[in-house]
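Engineer: pasted the sequence and its predicted model underneath.
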There are 2 protein chains.
Amino acid sequence: MANNMKERIKDAAIDLFYKKGYFATSLNDVAQNIGIRKASIYHHYPSKEGLLLSILQTILVDLTTNLHDSIQGIEGIEGKMRAAVRSHILVSIDRQKEVLISDSELRGLSPENYETVVRIRDSYEREFQALIVDGMEAGVWAQGDFKVLSFAILNMCTSVAGWFKPAGRLSRVDIARVYEEFIIGGLKIGTCSTVDSV
Amino acid sequence: MANNMKERIKDAAIDLFYKKGYFATSLNDVAQNIGIRKASIYHHYPSKEGLLLSILQTILVDLTTNLHDSIQGIEGIEGKMRAAVRSHILVSIDRQKEVLISDSELRGLSPENYETVVRIRDSYEREFQALIVDGMEAGVWAQGDFKVLSFAILNMCTSVAGWFKPAGRLSRVDIARVYEEFIIGGLKIGTCSTVDSV
DNA sequence: GTCTATAATAAGATAGAC
DNA sequence: GTCTATCTTATTATAGAC
C-alpha cells in the first residue's frame, strides 16, 4: 500500500471502481475504505471524475511504456508482434483492475477528458496496427482488414483482465503463451493453408 | 418501435444503458425518453434491476437460440465453429446495444439474479468449449488450453459490440468473415507450421 | 394504466474550523 | 491536511387519485 494519501486514495478508488464500477462507487465508499472522510479527498483531487482521469491516464501511459520496452531491440515483425501481445497480456494481468477500468469506464469522462484519454489509447492501438500492416506487406501475415484485426487482437487481450484469477490453474506466462500462439496463428492463416479438414 | 408500453420501456432502457451505462441512467431518463412519468415504469417492472434482468435474459437466450439454429445440420467441427463464430458476431452487431450491456452491466444484479444470468452465459460458453475440445481430439485444431481459448474467442467476438458503427466501411458479413478466418487460423496453428519468418 | 405527490435516502461538492 | 457541517440536487421507490 502506498504511504502518501494521494496514492492511497487512488488505490482504494481502483479497487472499488473495479469491483463495483465507477458510477456505483461513491466517494464516501472510497474514503471509508482508507479511514478518512470524503471531504478530504477534495484536497488531493478536484472531483470524482478527476480521480478517474488520473487512474486512466496512468494505466494507458504505462501500457504504452511497457510496449516500447518490450519490442525494443527485437528483430523481425513476428517477434515484435509476439512481444507486443505478451506485453499487453502481462500488463492486463499485473494491473488487472486498472486495465478493466480503462476498458469499461470511459463513459464517466466529460468530452474534453474523454478526448485526452482516447488520444493515448488510439496511439497505442496504432502501434499494433502498424505491426499488422507491415507484416501483411512483408508477407508474414495473410491479407485482411488491419483495423478489424487490431480491434480483435487488443480486445481479446484486454479481456483477460475480466476473468483472470490470481489463484487460477495457469500462470501469467502460461496464459500469455496461449494468446501469443493463437494470435500469431490467426494472423498467418492463408499463408499456410485453406484446407477443409474433418 | 414496439407498440406496447412494456416493450417501449425496455427499448428506451436498452438505448440509455448502452449510451450511459446502467448506474448512470435514472428511471427518470428512461421515462422522459418515451413521454411517461417514472412512476409508471413500476407498473410494468418491479424495479430498475428487474428491468436490467429482463434485458439480460432476453439477449442471452436469443444468443443461445441463434447459435443452435446456426450450427443445426452442419457437418464437421470446423464448419460448426465457423457457423458459431458467425452467429456470435452477427448477433453482436444486430443486437449491439444489448450485447454490450450483457458484457458490462452484470454488476448491477443482486447475487441471486447474477446467478440466474451467469448460468445462461456459462452454458453458452460451454457450447464453444465443446467445439474446441472436440476439434483438438479430432486433430482439427492444435493443442491448447480450451478454457483460455474459449474466453479469448468469445470476448474478441463480443467486443464487436463496442466499436461497430452501422455507417462504417465494412458490412456485418465482411466483419464476420475477418473474425471467422482469424479464429480458425488461430485454432489450427501448430497443425500447419511453427516456422519463423522475416 | 398513468398520473401527482412525496417519502426516504444518498450523492457530489463546498465552507470554514482546527 | 483532515475534520464537521451543510448545500443542492438527484435518486429509487411507494401511496393514492383519476
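Structural biologist: Cool, the structure landed.
Engineer: C-alpha from now on. contacts and neighbour counts both.
Structural biologist: Fine.
Engineer: show me which residues of chain A sit near DNA strand C.
Structural biologist: When proximity is defined as C-alpha under 7 Å from any atom of the strand, chain A approaches DNA strand C at A:23, A:25-29, A:38-39, A:42, A:46-49.
Engineer: just the buried ones from these?
Structural biologist: For the residues of chain A next to DNA strand C, a burial check counting by 16 or more other C-alpha atoms under 10 Å in any protein chain shown picks out A:23, A:25, A:26, A:27, A:29, A:48.
Engineer: so which of those residues reach chain B?
Structural biologist: Applying C-alpha under 8 Å from any C-alpha of the partner chain, the subset of these adjacent to chain B comprises residue A:23.
Engineer: what sits against residue A:158?
Structural biologist: Residue A:158 is in contact with A:88, A:89, A:92, A:99, A:100, A:103, counting by C-alpha atoms under 8 Å, 6 or more residues apart in numbering or on different chains.
Engineer: can you get me a residue count around the second one?
Structural biologist: Summarising burial for residue A:89: neighbours were counted as other C-alpha atoms under 10 Å in any protein chain shown, giving 27.
Engineer: and the pLDDT at the residue nearest the centre of chain A?
Structural biologist: Per C-alpha atoms, centre = their mean, the C-alpha nearest to the average position across chain A is that of residue A:99, at 4.5 Å. If you check residue A:99, the pLDDT there is 99.
Engineer: okay, residue A:182: pLDDT?
Structural biologist: pLDDT, residue A:182: 98.
Engineer: excluding chain neighbours, what is closest to it?
Structural biologist: residue B:186 (4.2 Å; C-alpha to C-alpha, 6 or more residues apart in numbering or on different chains).
Engineer: surely that neighbour meets residue A:178?
Structural biologist: No. With contacts counted by C-alpha atoms under 8 Å, residue B:186 stays clear of residue A:178, the gap being 10.0 Å.
Engineer: residue B:18: which of the residues of chain A next to DNA strand C is nearest?
Structural biologist: The closest of the residues of chain A next to DNA strand C to residue B:18 turns out to be residue A:23 (C-alpha to C-alpha; 14.3 Å).
Engineer: which phi and psi values does the closest one adopt?
Structural biologist: phi -70, psi -30 (degrees, to the nearest 10).
Engineer: again, but for residue A:103
Structural biologist: Residue torsions, per degrees, to the nearest 10, at residue A:103 are phi -90, psi -10.
Engineer: run a quick neighbour tally on it.
Structural biologist: Residue A:103: 16 neighbours (other C-alpha under 10 Å).
Engineer: show the pLDDT at it.
Structural biologist: At residue A:103, the pLDDT value in this model is 98.
Engineer: for residue A:191, same thing?
Structural biologist: According to the prediction, residue A:191 has pLDDT 57.
Engineer: try residue A:3
Structural biologist: The model reports residue A:3 with a pLDDT of 74.
Engineer: would you list every one of the helices in chain A?
Structural biologist: A:5-20, A:27-33, A:38-44, A:48-71, A:77-94, A:96-104, A:111-137, A:146-158, A:160-163, A:172-188 (DSSP state H).
Engineer: among those, which is nearest residue B:33?
Structural biologist: helix A:111-137 (22.3 Å).
Engineer: per-domain residue ranges of chain A.
Structural biologist: With domains defined by automatic domain parsing, chain A comprises A:1-45, A:58-197.
Engineer: can the last one be found next to DNA strand D?
Structural biologist: Think domain A:58-197. No. Domain A:58-197 lies apart from DNA strand D when judged by C-alpha under 7 Å from any atom of the strand; the minimum separation is 14.1 Å.
Engineer: who's in contact with the residue nearest to residue A:128 when sequence neighbours are not counted?
Structural biologist: In space, and not counting its chain neighbours, residue A:128 is closest to residue A:150: 6.4 Å by C-alpha to C-alpha, 6+ apart. Contacts for residue A:150 were tallied using C-alpha under 8 Å, 6+ apart; they are A:125, A:128, A:129, A:132.
Engineer: okay, now the unreliable bits of chain A?
Structural biologist: Low-confidence segments of chain A, defined by pLDDT under 70: A:1, A:190-198.
Engineer: next, count neighbours for residue A:73.
Structural biologist: Count around residue A:73 with other C-alpha under 10 Å applied: 9.
Engineer: so what does it look like in phi/psi?
Structural biologist: The phi/psi pair for residue A:73 (degrees, to the nearest 10) is phi 80, psi -10.
Engineer: tell me the spacing between it and DNA strand C.
Structural biologist: Separation of residue A:73 from DNA strand C (C-alpha to the nearest atom of the strand, to the nearest Å) stands at 44 Å.
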